[in-house]
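Undergrad: Sequence first, then the predicted structure, then my questions.
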Amino acid sequence: WLKTAVPFLILPSTAMDQVIVVGGGLAGYSAAHTVLENGGRVLLIDKMPFSGGNSVKATSGINGAGTSSQRAKGIQDSPEIFEQDSLRGGATRPDLVKVLTHESGPAIEWLKGFDLDLSLLARLGGHSQPRTHRGGEKFPGMTITYALIEKLEEVEESSDRAKILQKTSVTKLIAGPDGSVAGVEYKTEDGKEGKAYGPVILATGGFGADFTPNSLLQTHRPDLAHLPTTNGEHCTGDGIKMAVGMGGDTVDLQWVQVHPTGLVHPDEPDSKIKFLAAEALRGVGGVLLDKNGKRFANELGRRDYVTGRMWKSEGPFRLVLNSKSSNEITWHCKHYMGRGLMKFYKTGADLAKEMGVDPSVVKQTFEEYNEVAKKMEGAPAEGAGEYDAYPSGKSHDKWGKKFFHNLPLDINDSFHVAIVTPVIHYTMGGVAITDDATVKKGDGVIPGLYAAGEVAGGIHGENRLGGSSLLDCVVYGRVAGRSATRYLLQQNIKAVQKGGLVAKL
């Protein structure tokens, strides 16, 4: 399928007749489809046996503002509101945030074109509106990513416009004489080596599972290296290292997000790899209890805030969903129970017994929670009460919670409960990019090199809001796909004008 490599007597840039995507998660496949939509050909290279990456593990959903799903439910949201929530949540690059938030609605509608159900909505921590979309069954990351994978496989089978190489590692970026990136060198699992030419989109993910002595994690956040992680073994910072090797800039490598709710398996409490309890579990009304049966935080606060409260409190910590909350997110509960990560209790008293606390303590916690929630009913948008609320306004809850769902909490109700612990979840830092996803180098850029997804840094600042990682993959995957295809066309036009290689698009 790959064209014969052009001899170096001809500039490598003139040999380009495809866009090369490195990485097989949602960012990579979003970029690949966008290349096809813009008239290009695409080669996707994935070092793993199966595509999907961390994207298939995403359990809460994907953010979008001003979507048809929101309008159908009467939710008045806008890109501008989402933009302000993101900046308040930790983002520091207004230019990148604007692209993320203002392209979020179109990204959701684009995904719906793959026959995806994104009709359900939740409000996650740090969001002022319900804007995290998911379908009725299964994990949203899994359904979204697999839909794009299957569609690209169909294109590969029916034409020469797409090719997927798996069990294949990119070992080096090929440099053009003008400082650009002109392709990649790669090696298959069975030792075969090859080269491919074209502009390159890095979509290789972060470095949250690299615990080797000289890893990016050990270099920039050695204080977190003892924690478990939710990341797959492929998350070793490959793309960042390759970009740096070409002189690319990095940004925010010190900002590593610790998620508060990694699921603890009772039989493997010290396992280094943990499954994530979706933030949507708290979005539908789940509450967090410490070892004494008391709340200790605003469950819908920023992830770094909730994690900080856990480190200041006494565990083990439990994520508790009553019957109404459990029914709203039933597929998740069944899945976690099937993995032995969640347990069902017929009553709150049964839960208290296992926790080793008096049922009256849990009952009091529930009653205090219900009382605060009742006071917040009918409160104005800015809230009401004597305590500062997150993300803004006031609350009657001493922990600052403004939004309450699936009430009441009743000691006589049934519950789904999981033990949770902080885990390394996401690396906000990575390759520095422009707002068109081109990799930066000093005061300029590296022509022909782009980045999308977790490999790119600066988009979320010091803390990423829940539901924005899948969005980042889709939005910047599409941006990178458009930019790389535009660059490819420009290079072919130059080649034609010089009487060189005839464009093959």
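TA: Structure's in. What do you need?

Undergrad: Enumerate the positions of the helix or strand containing V320 that are buried.
TA: Using DSSP states H and E, the element containing V320 is strand 317-322. For strand 317-322, the neighbour count (16 or more other C-beta atoms under 10 Å) marks 317-322 as buried. Just so you know, the C-beta spots here come from the backbone N, C-alpha and C atoms, and that holds for glycine as well.

Undergrad: Also stretch 392-408?
TA: 393-397, 399-407.

Undergrad: which among the residues you listed gets closest to P266?
TA: N406 (26.1 Å; C-beta to C-beta).

Undergrad: From L120, how far out is the closest one?
TA: 14 Å (C-beta to C-beta, to the nearest Å).

Undergrad: same thing with D190?
TA: For D190, the distance to L120 - C-beta to C-beta - is 44 Å.

Undergrad: And V42, by the same measure?
TA: Counting by C-beta to C-beta - V42 and L120 are separated by 32 Å.

Undergrad: So those two - more neighbours on which side?
TA: Counted by other C-beta atoms under 10 Å, V42 and L120 do not tie: V42 has more neighbours, with 28 against 19.

Undergrad: Tell me the pLDDT of that one.
TA: At V42, the pLDDT value in this model is 98.

Undergrad: For it, list each beta-bridge partner.
TA: V19, A162 (DSSP bridges).

Undergrad: So it sits against L165, correct?
TA: No - the criterion here is C-beta atoms under 8 Å, and V42 misses it with L165 at 11.3 Å.

Undergrad: you'd agree L44 is in a strand?
TA: Yes - remark: L44 belongs to a strand, assigned using DSSP: H, G, I helix; E, B strand; the rest coil.

Undergrad: Quick one: residues contacting it.
TA: By C-beta atoms under 8 Å, 6 or more residues apart in numbering, the residues touching L44 are 20-21, 23-24, 28-29, 32, 51, 152, 162-165.

Undergrad: centre of the chain versus stretch 86-93, how much separation?
TA: Distance of stretch 86-93 from the chain centroid (C-alpha atoms, centre = their mean, to the nearest Å) equals 16 Å.

Undergrad: related to what we said a few turns ago, which one of the buried residues of stretch 392-408 is nearest T330?
TA: N406 (12.4 Å).

Undergrad: wait, what's in contact with the closest one?
TA: 284-285, 322, 324-325, 328.

Undergrad: how about a cut-off of 10 Å?
TA: 284-286, 321-329 (C-beta atoms under 10 Å, 6 or more residues apart in numbering).

Undergrad: Who wins on neighbours among the residues you listed?
TA: G286 (29 neighbours).

Undergrad: if I look at the closest residue to T236 other than its chain neighbours, how far off is G315?
TA: Spatial nearest neighbour of T236, chain neighbours left out: D210 (4.1 Å); criterion: C-beta to C-beta, 6 or more residues apart in numbering. According to C-beta to C-beta, D210 stands 27 Å off from G315.

Undergrad: Please apply the same query to L87.
TA: In terms of C-beta to C-beta, L87 sits 32 Å off from G315.

Undergrad: again with H127
TA: 26 Å.

Undergrad: out of the two, which sits in the busier spot?
TA: Neighbour totals were compared for H127 and G315, and H127 leads with 26 against 16 (other C-beta under 10 Å).

Undergrad: Please state the backbone phi and psi of L173?
TA: Backbone torsions of L173, given as degrees, to the nearest 10, read phi -90, psi 140.

Undergrad: repeat for G383
TA: phi 90, psi -170.

Undergrad: you'd agree it is up against V372?
TA: No - in this structure, G383 is not within contact of V372 by C-beta atoms under 10 Å, at 11.5 Å.

Undergrad: Need the residues touching each of these two.
TA: Joint contacts of G383 and V372 (C-beta under 10 Å, 6+ apart) are 395-397, 401.

Undergrad: Pull the most distant pair out of those.
TA: H396 and K401 (9.1 Å).

Undergrad: okay, and the common contacts of these two?
TA: Joint contacts of H396 and K401 (C-beta under 10 Å, 6+ apart) are 372-373, 376, 383, 387, 389.

Undergrad: Could you list the buried residues of stretch 180-192?
TA: 180-184, 186-187.

Undergrad: What residues does L319 make contact with?
TA: 260-261, 263, 277-278, 281-282, 286-289, 299, 336, 342, 416-420.

Undergrad: and these, which of them are in strands?
TA: 260-261, 263, 287-289, 416-420 (DSSP state E).

Undergrad: right, and A277 touches F139 too?
TA: No - with contacts counted by C-beta under 10 Å, A277 stays clear of F139, the gap being 11.9 Å.

Undergrad: and the two? which has more neighbours close in?
TA: The neighbour comparison of A277 against F139 (other C-beta under 10 Å) goes to A277, with 28 against 22.

Undergrad: where does the stretch 351-500 of the chain dip in pLDDT?
TA: By pLDDT under 70, the weakly predicted segments of the stretch 351-500 of the chain are 500.

Undergrad: Show me the helices in it, by range?
TA: Taking DSSP state H, counting those that start in this stretch as the test, the helices found in the stretch 351-500 of the chain are 359-376, 468-497.

Undergrad: Quick check: closest non-adjacent residue to L100.
TA: Leaving aside its sequence neighbours, L100 sits nearest to V475 (C-beta to C-beta, 6+ apart; 5.4 Å).

Undergrad: Correction: the previous question concerned F404.
TA: By the measure of C-beta to C-beta, 6+ apart, the closest residue to F404 outside its immediate chain neighbours is A373, 3.8 Å from it.

Undergrad: And P316, by the same measure?
TA: Using C-beta to C-beta, 6+ apart, the closest residue to P316 is I419 (5.1 Å).

Undergrad: For H265, see how far away the one you found is.
TA: Taken as C-beta to C-beta, the span from I419 to H265 is 9 Å.
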